[in-house]
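> Here is a sequence together with a model predicted from it:
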Amino acid sequence: MTDKLLTPVFPRLPHGAPFLLLDRVIEVRERDAVFSKLLTATDPCLAPDGTLPAAFVLEAIAQAGGALLGELEGRATPSPGYLAAVDGFVLREPVRVGDALRIEVHLVRHVAHASLLRGRVLVDGAVRAEGRVTLALPR
């Protein structure tokens with residue numbers, strides 16, 4: 001028996017274009033998920049030099065965490081939440097136009113209305129960014 005859940009092709013998030021930073025759901029498990037994002041020249045979040053600013057890379061990790069939590073809730077529309085904390089986030093190498101991002105998240109802990117997740121962004125198997133985020137639901 002596998003712990004893989006049935007997953008949609010597209011992430012279910014309350015975010016809309018142009019601020020949705022995930023393109024596809026690759027895999028969702030009980031505490032882990034993988035998403036993809038192809039960074040194109042038409043992406044409105046790009047810096048003038050063709051890189052994705054660190055704040056948006058971090059936001060992609062947070063959105064992946066939110067999409068994982070939404071899938072675990074089993075709702076058609078996930079509960080809107082917010083990024084409550086960031087810990088140990090490091091952008092190791094810039095993310096550029098043409099990069100195919102693999103965004104991986106792991107649910108470390110869920111307590112009351114807050115969830116701690118560890119995430120990382122990879123390009124061609126190399127870690128470009130990583131860190132921990134806490135997502136919270138409004139009270």
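Arrived safely, thanks for sending. Only a predicted model underlies this, so the values are computations on that prediction, with no experimental measurement involved.
> Can you get me a residue count around Glu27?
Neighbour count for Glu27, taken as other C-beta atoms under 10 Å: 12. For the C-beta atoms, the positions are set from N, CA and C on the backbone; glycine is no exception.
> for the one 4 residues further on, same thing?
Counted with other C-beta under 10 Å, the neighbours of Arg31 add up to 15.
> so it touches Glu104, yeah?
No - the pair Arg31 / Glu104 is not scored as a contact, 11.6 Å apart, by C-beta atoms under 8 Å.
> which stretches of the chain have low pLDDT?
Within the chain, the stretches with pLDDT under 70 are 1-18, 75-79.
> Which parts of it are helices?
Using DSSP state H, the helices assigned to the chain run over residues 54-73.
> Do a quick rundown of the strands in it.
Remark: strands assigned in the chain by DSSP state E are 24-28, 32-38, 82-91, 100-111, 114-123, 126-136.
> helices and strands around the fourth one, which ones?
Where contact means 3 or more C-beta pairs under 8 Å, 6 or more residues apart in numbering; DSSP states H and E, strand 100-111 is packed against strand 32-38, helix 54-73, strand 114-123.
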